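Chemist: Okay, here's the prediction I keep looking at, along with the sequence it came from:
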Amino acid sequence: MQLNGAPANIDQIKALALTNYGHFTSMLVERGGVRGLSLHMERLVRDCRHLFNVELDTERVRTYVRKALGDSSETTVARVTIYDPAIDLGTVGSDADPAVLVTTRTAAKTQPAPWHLQAVSYRRDDPAIKHIGLYGAMMQRRSAQREGFDDVLFLNPDGTISEIATSNIGFIRDDQVIWPRSECLVGTTMTLLRQALDETVDTQPLTLSDLPTMDAAFATNAATGVRPVVGVDNTQWTADHPLLSKLRDLYAEIPPELL
C-alpha cells in the first residue's frame, strides 16, 4: 500500500474510513500490461474532475502503479484510489490536493465461478462515477448473499435493469450480445468487448420480464473478465453457452497496454 509512491501510514489513510470521499479504478496487470489502460486513466481523470475540480496527471499515476508493483511477475489486481487525506467531514468543500493510493493483491488463477443474482430495486449515488461510497451497494450484496445468492442485480425505479453491484451485466439472445440501456458505471471490460464485437452488440431497455427470452447471461469486471451468470431470481441459464467461451477468448486476445 503506497501513497504518492511511498509507504502509507494510518494517519494518511484514515480519511478513507472517516470521510469516505474519493474515487478509484481497479485493473488487472499481466506482465506489465493492462487491457484498457487508457480507459482506466480516462476514468480517473474524468472522476477526479467531477469530485475534486482538479486535473489528474495520469503519468504520475502510472509511475506510482509501476513502483507499487516492483519487479513482481505475478498477475496482480492493482487498485488506484484518488482522495485527499487532508479533507474531513467539515472541510469537504475545500480546494483539494488529491493523493494517489495504490494497493495490490494477487489475482485469482482460476476461471471465476458462475453467479446466481437476486434482483432488487436500487440505484447507486452518481452511478456513472466509480466512487468509494459503497455502503448502499454492499448492503444490497450482503442481503442477497444472506438469502443464498452470489450477488445482486440492480433495477431502476421504472423496473429497467442497470448493473450488478460492482460489475456490468450482459445477455445473449440469438447469438447477439445485448447490454441493458441504462445509466450505470460503464466498465472497461464492457467497453472493450463492445468495441471488439462491433456489429453483434445491441443495447435495449430490459426488465425482468425480458429475461426468459435470453439464452445466456454474463458479468464483466476488470479483475475477473467474463463470468457466466446462471440465474436471476427464478430465471436460469446454462453456464456453457458457446458465445460465453467466445467472449472470454475475445477478451483474452485484446492486447494489453504497457504501464
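Modeler: Looks like it arrived, so ask away.
Chemist: Can you spell out which helices and strands pack onto the helix or strand of the chain with the lowest mean pLDDT?
Modeler: One helix or strand of the chain scores below all others by mean pLDDT, DSSP states H and E: strand 201-204, with a mean of 88. With contacts taken as 3 or more Cβ pairs under 8 Å, 6 or more residues apart in numbering; DSSP states H and E, strand 201-204 sits against strand 176-180. Yep, even glycine has a C-beta here, placed from its N, CA and C like the rest.
Chemist: Which positions in the helix or strand that the strand it packs on is followed by come out as buried?
Modeler: Going down the chain from strand 176-180, the next helix or strand is helix 188-197, by DSSP states H and E. Within helix 188-197, the residues that qualify as buried by neighbour count (16 or more other Cβ atoms under 10 Å) are T188, T189, M190, T191, L192, L193, R194, L197.
Chemist: Quick check: closest non-adjacent residue to K109.
Modeler: Spatial nearest neighbour of K109, excluding adjacent residues (Cβ to Cβ, 6 or more residues apart in numbering): T75 at 7.6 Å.
Chemist: For that neighbour, which residues are in contact?
Modeler: Going by Cβ atoms under 8 Å, 6 or more residues apart in numbering, T75 touches L28, V29, E30, T106, A107, K109.
Chemist: so the second one sits right up against L69, yeah?
Modeler: When you say that, I think you mean V29. Yes - using Cβ atoms under 8 Å, V29 is in contact with L69, at 6.3 Å.
Chemist: Show me which of these two is the more surrounded one.
Modeler: Using other Cβ atoms under 10 Å as the criterion, V29 and L69 rank with V29 on top: 23 against 17.
Chemist: gap between the more buried one and T19?
Modeler: 28 Å (Cβ to Cβ, to the nearest Å).
Chemist: Please put the alpha-carbon coordinates of stretch 166-184 into CSV.
Modeler: Output of stretch 166-184 as CSV, limited to C-alpha atoms (Å, rounded to 0.1, in the frame of the first residue of the first chain):
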residue,chain,number,x,y,z
THR,A,166,-19.6,-3.9,-8.8
SER,A,167,-19.9,-5.4,-12.3
ASN,A,168,-21.8,-4.9,-15.6
ILE,A,169,-24.2,-7.4,-16.9
GLY,A,170,-24.8,-8.6,-20.5
PHE,A,171,-27.2,-11.0,-22.1
ILE,A,172,-27.1,-13.3,-25.1
ARG,A,173,-30.1,-13.8,-27.4
ASP,A,174,-30.0,-15.4,-30.9
ASP,A,175,-26.1,-15.2,-30.8
GLN,A,176,-26.3,-11.4,-30.2
VAL,A,177,-24.9,-9.7,-27.1
ILE,A,178,-27.5,-7.3,-25.5
TRP,A,179,-26.5,-4.8,-22.9
PRO,A,180,-29.1,-3.1,-20.7
ARG,A,181,-29.8,0.5,-21.8
SER,A,182,-29.5,2.4,-18.5
GLU,A,183,-27.3,4.9,-16.6
CYS,A,184,-24.7,2.8,-14.9
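Chemist: Off-centre distance for that stretch?
Modeler: Mean C-alpha position of stretch 166-184 versus that of the full chain (Cα atoms, centre = their mean, to the nearest Å) differs by 15 Å.
Chemist: No more questions from me, cheers.
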